[in-house]
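> got a sequence here, can you model it:
(chains A and B)
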Amino acid sequence: MTNPLPAATISTCDCAPGTPLYGEIIEFLYHEAELLDTYRYNDWIALFADDVRYVMPVRTTQFLTKGAGFHDVAFYDENLVSLRTRVQRLQTEFAWAETPPSRSRHFVSNVLVEPGERANEFAVRANFMITRTRADHGHQMFTGQRADILRRDEATGWKIAQRRILVDQTVITGTNLSVLF
Amino acid sequence: MSLPAPHPARPGDNQPNGFTLLANGEHLETIVRPQEGLISRRIFADPEVYRLEIDRIFGRSWFFVGHETEIPNPGDMVSRTCGIDPAILVRDDDGVVRVFLNSCRHRGMRVCRTDRENVRFLRCPYHGWSYRNNGELITVGAENHYGPGELEKDKLGLIPVAKLGSYRGLIFASWDEHAPPLDEWLGDMRWYLDIIFGRTGEIEVVGVPQIWEVECAWKFATDNFTDNFHVFWTHQSLVPLGLLPNFPDFAAHGHMVTAGNGHILHFVQGAPNDETFMGLGLEKALWQHFPHNLNPGQTDIAMRHAYSAGTVWPNFHWLQLTSSGDTASKPVGILNLRLELPLSPTRTRMYSWFAIDKAASPAYRKASYENYVRTFGPGGVFDQDDMENWEDCTAAAVGPAAKRYTLHHKMGINRKTATDWPGPGTCYPDSYGEMTQRAWYGEWLRWMTKPLNGSNTRAAS
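Next up, the predicted model:
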């Protein structure tokens, strides 16, 4: 049931830090974060490939020898239609968990890029920290690593073809997951 | 010599009139009047009431601790709570299901330190006290330094719950040796648990629970589970998306049942003449199992309904729904198990398990799981709006002004009981009503006004 975290490697490809490709990917991730933090959900959903799988597995506490503690049961297990449903929901006037909206801030760091299985795909790992304040409540925080497959499409630009959200918390302490990752 | 002054009455004491005193002189019986539908806001977030709840309810009731399919093999173990005490749910080497306090007999250190294990032995990190998975103490650190009679190992096994039982795979436990037998405690509720957990033979819990914390009083969450008429309003975002009917009365066609001992439930019909909403939303191939596992009355109920929710008193629930979590999927049956664990007067830890009929096809299993994740739990497009309600209800229940007022639980207070319902308990027609909540608060009051030195069972009272 457990899925080990991806092995840490040093990138030696033409997507290493300092290369133009790496710069493009960083810019893409920053752009995506800003879209979420500024409620531009239609622009955000346009960043996903038609065949995207977006998963946030439930994590448990495990001994090191048993893996990272991720399970098949997830907090999110989405395709493009279900992600779009979430966005459409947020755009109704009745999605009370985000009406009025929370203020979120998506921080992305520690970005590592490797060539993917296909020529136009790259495996991108990045740490995330998402803060959320809601109404007069204090900050809530979600941290972890996102393991993405980014696809470079000549016609439409970069797309997220896969996202695994490897959250640090075994108990989500932030009320709900109405902010998107 | 004068007599000592009489001991002043303390909060929680029963007064000469039999009423239960709170620190400001109010009595629980006067601020909580379930039969009139008047429930004081004070009982939700008040630290004094919370402390009484911990002793009088969470120290004594039966509690759901897990499902047998979570620990199928000898040595399988999960970390849970029983009441609010940390507990280990384990199947020992002989296949016997056991529940222990997750705490060493020596200094009380936590002994099962992961969420899920398969182990033959548990060793306490503190001084090396080691236990077999049946709870027996085997060895301790520095054992040669104990003199004769200083270490009675056969009396120092892990602390077991006082009562343990299971029904239809659901494992319940109690810390109270005076708790009634599980079958007696569940009583008429078993007839309904058969429908939800026995309709096709067996159900299984899949994987691990989602766990999350909400800044809310636990009873606001508990109160919500058999509430049908919030669905259209709280979850109204799903109406324009076509995931809920654009019809405020859509969940009113059903029955609500109070099954005794505070256990409550409802069954609700879906769109008429639509097979999607028959047979509890299960795939059609599963319906043939109903008559082999249920009696005719139970089979009839399972066939005619699309939705059901129930609360095994105090804090365990099932949700059996026919829903889709995205605009492309057809509505499909989802079985969700839920538990609220109070952490403080204003904070609650939520548990949510996905379960499915063992006889389900792979395609139905996949569809049910995907729609569960998209619909329920902290990320669910239905569930997340409920948490907004629970938090804001809690925030507004803390202050002294709010505590002078009651909430309103009067819907259906004069409703006549149904005469055509095949099941046990007291049944009411029309699934919009607060009959179930009033029964739940009635049970709450019964437990809260029963002092600790008395047995809290119907049989004994």
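> for chain A, just list every one of the strands.
Secondary structure of chain A (DSSP state E): strands located at A:48-59, A:70-78, A:103-115, A:121-133, A:140-153, A:157-167.
> most packed of those strands?
Among the strands of chain A, ranked by average contacts under mean count of other C-beta atoms under 10 Å in any protein chain shown, first place goes to strand A:70-78 (a mean of 22). For every residue, glycine as well, the C-beta is placed using N, CA and C.
> what is it packed up against?
Under the contact definition 3 or more C-beta pairs under 8 Å, 6 or more residues apart in numbering or on different chains; DSSP states H and E, strand A:70-78 sits against strand A:48-59, strand A:157-167, strand B:203-214, helix B:362-375.
> I'd say B:D93 and B:N73 touch.
No. With contacts defined as C-beta atoms under 8 Å, B:D93 does not count as touching B:N73, sitting 10.3 Å away.
> how about low-confidence regions in the stretch 1-150 of chain B?
Across the stretch 1-150 of chain B, residues meeting the criterion (pLDDT under 70) sit at B:1-14, B:16-17.
> ok, now with 50
Low-confidence regions of the stretch 1-150 of chain B, defined here as pLDDT under 50, cover residues B:1.
> same check, this time on chain A
Using pLDDT under 50, the flagged stretches of chain A are A:1-2.
> quick check: B:N315 vs B:T375, distance?
21 Å (C-beta to C-beta, to the nearest Å).
> ugh, typo on my part, it should be B:T426
Note on B:T426: its distance to B:T375, by C-beta to C-beta, is 30 Å.
> the two: who's more crowded?
B:T375 (25 against 15; other C-beta atoms under 10 Å in any protein chain shown).
> what's near enough to touch that one?
With contact set as C-beta atoms under 8 Å, 6 or more residues apart in numbering or on different chains, B:T375 has these partners: B:321, B:323-325, B:334, B:381-383.
> and B:D93 and B:N73? Which one has more around it.
Ranked by neighbour count (other C-beta under 10 Å), B:D93 and B:N73 place B:D93 first, with 12 against 8.
> now the more buried one, what's its secondary structure?
Judged by DSSP: H, G, I helix; E, B strand; the rest coil, the three-state class of B:D93 is coil.
> what's around the closest residue in space to B:L238 that isn't next to it in sequence, how many residues?
For B:L238, the nearest residue in space outside its immediate sequence neighbours is B:L244; the separation is 4.4 Å by C-beta to C-beta, 6 or more residues apart in numbering or on different chains. As a burial measure, B:L244 scores 19 neighbours (other C-beta under 10 Å).
> centroid residue for chain B?
B:F316 (1.0 Å; C-alpha atoms, centre = their mean).
> that residue against B:R338, yeah?
Yes. The pair B:F316 and B:R338 qualifies as a contact (C-beta under 8 Å) at a distance of 7.2 Å.
> would you mark the buried spots in the lengthiest helix in chain A?
Looking only at chain A and at elements set by DSSP state H, the helix with the highest residue count is helix A:20-37. Buried residues in helix A:20-37, defined by neighbour count with 16 or more other C-beta atoms under 10 Å in any protein chain shown: A:21-22, A:24-26, A:28-29, A:32-33, A:35-37.
> near chain B, from the residues you listed?
Filtering the buried residues of helix A:20-37 for proximity to chain B (criterion: C-beta under 8 Å from any C-beta of the partner chain) leaves nothing.
> nearest to chain B among those residues?
Ranking those by separation from chain B, with C-beta to the nearest C-beta as the measure, puts A:L36 on top at 15.0 Å.
> and the nearest residue to the closest one once chain neighbours are set aside, what are its bridge partners?
Using C-beta to C-beta, 6+ apart and skipping the chain neighbours, the partner closest in space to A:L36 is A:H106 (5.4 Å). Bridge pairing for A:H106 (DSSP bridges) gives the partners A:I130.
> and A:H106, how far is that from B:G425?
Counting by C-beta to C-beta, the gap from A:H106 to B:G425 is 50 Å.
> and for B:W447?
When C-beta to C-beta is applied, the distance between B:W447 and B:G425 equals 19 Å.
> next one: B:A173
Per C-beta to C-beta, B:A173 is found 24 Å from B:G425.
> same deal with B:I196?
When distance is defined by C-beta to C-beta, B:I196 is 15 Å away from B:G425.
> ok, now B:G128?
In this view, B:G128 and B:G425 are 52 Å apart by C-beta to C-beta.
> B:N224 contacts B:N389, correct?
Yes. Here B:N224 reaches B:N389: they are 7.4 Å apart, a contact under C-beta under 8 Å.
> which neighbours do these two share?
B:H230.
> pick out whichever of the two has more residues nearby.
For B:N224 versus B:N389, neighbours defined as other C-beta under 10 Å are more numerous around B:N224 (21 against 18).
> how about the more buried one, nearest residue that isn't a chain neighbour?
Excluding the flanking residues, the one nearest B:N224 by C-beta to C-beta, 6+ apart is B:D386, at 5.9 Å.
> and that neighbour, what pLDDT?
pLDDT, the model's per-residue confidence, is 97 for B:D386.
> what sits against the residue in the stretch 51-200 of chain B positioned nearest to chain A?
Each residue of the stretch 51-200 of chain B has a distance to chain A, by C-beta to the nearest C-beta, and the smallest belongs to B:D115, at 3.7 Å. Applying C-beta under 8 Å, 6+ apart, we find B:D115 in contact with A:60-62, A:69, A:170, B:78-79, B:208.
> equivalent analysis for B:P296, please.
Taking C-beta under 8 Å, 6+ apart as the definition, contacts of B:P296 comprise B:P422.
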